[in-house]
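J.: My questions are about this predicted structure, shown below with the sequence.
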Amino acid sequence: MMRNLFKSARNFSGRSWVLLAALVPASLFLGGCASTGGGGSYSTTAYAPANTSNVRVKVSLSTQNVYVEEGSRLLMATPTCVGKPGYPTPIGHFEVIGKDQFKRSSTYGYWVRGSEAHPGASSQQPAGGGWHYVGYPMAFWVEFTPGYGFHEGPIWPYPRSHGCLHIHETASAKLFELVHVGTPVEIENSLPEDAQYGHDVRRPSDYADPDPAPATMIVPDFFTKPRDTQLLSSTSASASN
């Protein structure tokens with residue numbers, strides 16, 4: 001989502017406004033952009049745990065993969081996008097410290113006035129009155145250390161985030177459901193799971209899709225648009241993506 005927002009925010013100034021979009025009814029967004037990823041062909045399989053207390057999340061930075069496990073059983077394997085140079089994703093052992101389905105960024109977002117919505121940083125208020133800041137949506141936020149978390153976002157094939165871990169919209173609500181406050185999170189450069197499961201993890205191609213209009217990103221309906229939340233019931237030892 002919003003692939004070029006952060007680049008636009010860095011180039012933002014009061015003298016170089018470009019009008020990106022007028023506000024449109026939220027129903028247009030819900031009707032036209034409910035799914036992404038190769039015309040809806042991309043999906044993520046996830047399994048319900050037998051005991052949520054035994055769930056753990058492991059992240060491999062080198063493969064940009066997330067593995068959700070319950071003991072020796074793989075519940076979900078899904079790609080992620082990790083921190084780019086200068087904005088590294090933390091390495092180590094953590095645990096989930098908070099969840100927020102409706103999280104918005106306090107740093108990057110949009111300045112809105114009437115029917116105008118422009119990308120920009122929260123610290124770069126435009127000249128003139130009547131503007132208010134709306135943060136970039138970071139839906140299904142799962143925080144594992146202060147300021148860093150998993151959240152819905154574009155899955156680029158190379159590190160491009162500001163340190164957080166992007167999760168595809170076909171997996172974000174599922175990860176949110178699988179974990180709870182206290183769930184262990186391990187982040188390493190590489191993991192044994194890379195050899196065991198990594199070759200089965202498909203990566204979506206919709207990171208290159210055109211940016212959604214800002215009007216679709218600033219409304220509350222962004223967080224409640226349809227997403228796949230199904231956790232399969234199975235005794236299978238592994239889940240394929």
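T.: Yep, it's here. It should be emphasised that the depicted structure is a prediction, and the values quoted were computed from it without experimental measurement. Numbering: from 1, shown residues only.
J.: show me what contacts the spatially closest residue to Lys174 that is not a sequence neighbour?
T.: Ranked by C-beta to C-beta, 6 or more residues apart in numbering and with sequence neighbours excluded, the top spatial neighbour of Lys174 is Ala46, at 4.2 Å. The C-beta positions use only the backbone N, C-alpha and C, and glycine is treated the same way. Counting by C-beta atoms under 8 Å, 6 or more residues apart in numbering, Ala46 makes contact with Val68, Leu75, Met76, Ala171, Lys174, Leu175, Leu178, Gln230, Leu231, Leu232, Ala239.
J.: and if you look at Glu177?
T.: Residues near Glu177 by C-beta under 8 Å, 6+ apart: Thr229, Leu231.
J.: Is Cys164 in contact with Tyr136, as I believe?
T.: No. Between Cys164 and Tyr136 there is no contact, the gap being 11.2 Å when judged by C-beta atoms under 8 Å.
J.: helix or strand right after the helix or strand of the chain with the lowest mean pLDDT?
T.: Least confident element among the helices and strands of the chain, by mean pLDDT, DSSP states H and E: helix 26-32 (a mean of 24). Following helix 26-32 in sequence order, the next helix or strand is strand 55-60 (DSSP states H and E).
J.: That following strand pairs with which strands?
T.: strand 65-70 (antiparallel), strand 184-188 (parallel) (DSSP bridges).
J.: just the helices in this protein please.
T.: Ranges of helices in the chain, per DSSP state H, are 5-10, 26-32, 172-178, 192-197, 214-217.
J.: Share the number of residues neighbouring the closest residue to Thr229 other than its chain neighbours, please.
T.: Nearest residue to Thr229, sequence neighbours excluded (C-beta to C-beta, 6+ apart): Ala173, at 4.7 Å. For Ala173, the number of neighbouring residues by other C-beta atoms under 10 Å comes to 22.
J.: Glu70 touches Asn51, doesn't it?
T.: Yes. Between Glu70 and Asn51 there is a contact under C-beta under 8 Å: 7.0 Å.
J.: Quickly list what the residue positioned nearest the centre of the chain is bridged to.
T.: In the chain, the C-alpha nearest the mean C-alpha coordinate belongs to Glu152, at 1.8 Å (C-alpha atoms, centre = their mean). Taking DSSP bridges, one obtains Ile167 as the residues bridged to Glu152.
J.: I figured it was touching Ser172, is that so?
T.: Yes. With contact defined as C-beta under 8 Å, Glu152 counts as touching Ser172 (4.0 Å).
J.: Quick check: neighbours shared by those two?
T.: Ala139, Phe140.
J.: With mean neighbour count added, can I get the strands paired with strand 55-60 in CSV?
T.: Listed next are the strands paired with strand 55-60 as CSV, based on neighbours: other C-beta atoms under 10 Å:
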stretch, mean neighbour count
strand 65-70, 23
strand 184-188, 19
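J.: Looking at those, which is nearest to Ala195?
T.: strand 65-70 (11.3 Å; C-beta to C-beta).
J.: Tell me how far Ile97 lies from Pro90.
T.: Noted for Ile97: a distance of 13 Å to Pro90, by C-beta to C-beta, to the nearest Å.
J.: what residues do these two have in common as contacts?
T.: Between them, Ile97 and Pro90 share the contacting residues Thr145, judged by C-beta under 8 Å, 6+ apart.
J.: gap between the residue of the chain positioned farthest from its centre and Ser122?
T.: Using C-alpha atoms, centre = their mean, the residue of the chain lying farthest from its centre is Gly128. It sits 32.9 Å away. Using C-beta to C-beta, we find Gly128 at a distance of 17 Å from Ser122.
J.: and what of Leu165?
T.: Taking C-beta to C-beta, one finds Leu165 at 22 Å from Ser122.
J.: How about Glu69?
T.: With C-beta to C-beta as the criterion, Glu69 and Ser122 are 37 Å apart.
J.: Having no further points to raise, I will conclude here.
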